[in-house]
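J.: Have a look at this fold, sequence not included:
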């Protein structure tokens, strides 16, 4: 079985454990560096150009959202790379690979140093498993990448504090929480994840409830202030924007469909990958059946397992997908980057349980041959989908013409920026 949570872990993971998934992730996503700006990318770069002339633009809301950290990264890219998209894509890739390393670090810690769980979770997430790379290969979708990066920093610091009691870990946990909120609104899910992580670690017997409340009170206060800013100052008390976000039963349908799309990214209305018109009905039926099946499967695993890390991974998927289920528009794999982290961790834990059940020797025995083939198949399949998406996006960008790019060039010249 996976080592019990909360076991004090002082040994560092071997360097190769991080090197293999990161190298594989870089190899999978490297072709995107040849791609161009696409869709909303132009608006973000244009805002960065405007910020060079009016620095306070950095603090201005983007429509009804406040994302100054994301704006800052575009400004840095503009200064470094000018209007060359490869640099912007390279930034996305570096953030993704950093997130892979941090996910592996978290997996290593909550399992008491199980290298297989960390390796499987890192390799799957790096290859695009569960999210299929749309957040990585779309420049403007970096908001999710960066917010999740800060979330992982916060989770790692929180675990370090739970494990070692170091005072310096508390400010880092809080600071990363605030920075995540300033990057993307979906970071509101970080607070329940922090509480769940403490549950995984184990609360010492006799700990008063008041101490637990005091520990999370600063996070709750910041979250309430942030929601007040978003809902009332920026949205004028109208959280529903043009009918695209609403409470309703459609949330249950979307919830199941997101779980299905972590396995099969295509739907009848998919914009990530184009499918023949005749395949639409089949995909519609498959998505509905798979949505019900996947939700029931994870619910059954949650009910049957006694492993707190596995339950945490399943709840991670559910909690991080929650902000997106109320969209009245179609579901998108762009929103699966956070849930895919929980999925990769859950699959890694399941592989470890498989190993432990099949091993006749010590628990550290390697994964059975069948498990290696399954893992290899998942890695190849997700990497293949990612590269098909990269190629298709490249073709769409070529067909879109150069008018939007020429407008960026004009704005850059007006702002006195040198061409690079």
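T.: Perfect, I can see it now. Here the structure is a predicted model, which is why all the values come from computation and not from measurement. Numbering: from 1, shown residues only.
J.: Of all the residues in the host helix or strand of residue 213, which ones are buried?
T.: Assessed by DSSP states H and E, residue 213 sits inside helix 209-228. By 16 or more other C-beta atoms under 10 Å, the buried positions in helix 209-228 come out as 215, 219, 223, 226. Placement of C-beta: from N, CA and C, glycine included.
J.: Dihedrals phi and psi, the nearest residue to the last one once chain neighbours are set aside?
T.: Put plainly, it is residue 226. Spatial nearest neighbour of residue 226, chain neighbours left out: residue 181 (5.1 Å); criterion: C-beta to C-beta, 6 or more residues apart in numbering. Main-chain torsions, residue 181, degrees, to the nearest 10: phi -60, psi -30.
J.: ok now the one helix or strand residue 180 maps to, how far from the chain's centre?
T.: Secondary structure assigned from DSSP H and E places residue 180 in helix 169-181. Mean C-alpha position of helix 169-181 versus that of the full chain (C-alpha atoms, centre = their mean, to the nearest Å) differs by 17 Å.
J.: and the helix or strand containing residue 314, average pLDDT?
T.: Using DSSP H and E, residue 314 maps to helix 308-321. Averaging pLDDT along helix 308-321 yields 94.
J.: could you say what helices and strands it packs with?
T.: Judged by 3 or more C-beta pairs under 8 Å, 6 or more residues apart in numbering; DSSP states H and E, the packing partners of helix 308-321 are helix 190-201, helix 250-261, helix 280-304, helix 337-358.
J.: Just want the angle from it to helix 250-261.
T.: Here the directions of helix 308-321 and helix 250-261 differ by 120 degrees (axes from the mean of the first three to the mean of the last three C-alpha atoms, to 10 degrees).
J.: and the angle for helix 308-321 with helix 337-358?
T.: In terms of direction (the same axes, to 10 degrees), helix 308-321 departs from helix 337-358 by 160 degrees.
J.: Check this structure for its longest helix and report it.
T.: What stands out as the longest helix in the chain, according to DSSP state H, is helix 369-399.
J.: buried residues in the very next helix or strand once past it?
T.: Going down the chain from helix 369-399, the next helix or strand is helix 403-414, by DSSP H and E. Neighbour counts over helix 403-414 (16+ other C-beta under 10 Å) mark 404-405, 408, 411-412 as buried.
J.: contacting residues around helix 403-414?
T.: Under the criterion C-beta atoms under 8 Å, 6 or more residues apart in numbering, residues 36-37, 42, 45-46, 49-50, 82-83, 419 lie in contact with helix 403-414.
J.: Can you tell me which of the buried residues of helix 403-414 lies closest to residue 387?
T.: The nearest member of the buried residues of helix 403-414 to residue 387, counting by C-beta to C-beta, is residue 405 at 24.4 Å.
J.: which ones are touching residue 337?
T.: Contacts of residue 337 by C-beta under 8 Å, 6+ apart are 131, 135-136, 141, 144-145, 148.
J.: Let's see if you can find the most crowded of those residues.
T.: Using other C-beta atoms under 10 Å as the neighbour criterion, residue 136 leads the contacts of residue 337 with 30 neighbours.
J.: and residue 16, how many neighbours?
T.: 9.
J.: secondary structure element for it?
T.: Using DSSP H and E, residue 16 falls in helix 15-29.
J.: shaky segments in the stretch 251-400 of the chain?
T.: The stretch 251-400 of the chain contains residues with pLDDT under 70 at 266-285, 359-366, 398-400.
J.: one more time with 90, if that's ok
T.: 251-295, 298, 305-306, 322-335, 352-376, 378, 382, 384-400 (pLDDT under 90).
J.: ok, the buried residues of helix 209-228 vs residue 249, which is closest?
T.: Within these, the smallest distance to residue 249 is 26.7 Å, found for residue 223 (C-beta to C-beta).
J.: Just give the closest residue to that closest one, not the sequence neighbours.
T.: Per C-beta to C-beta, 6+ apart, closest to residue 223 is residue 191, 5.7 Å.
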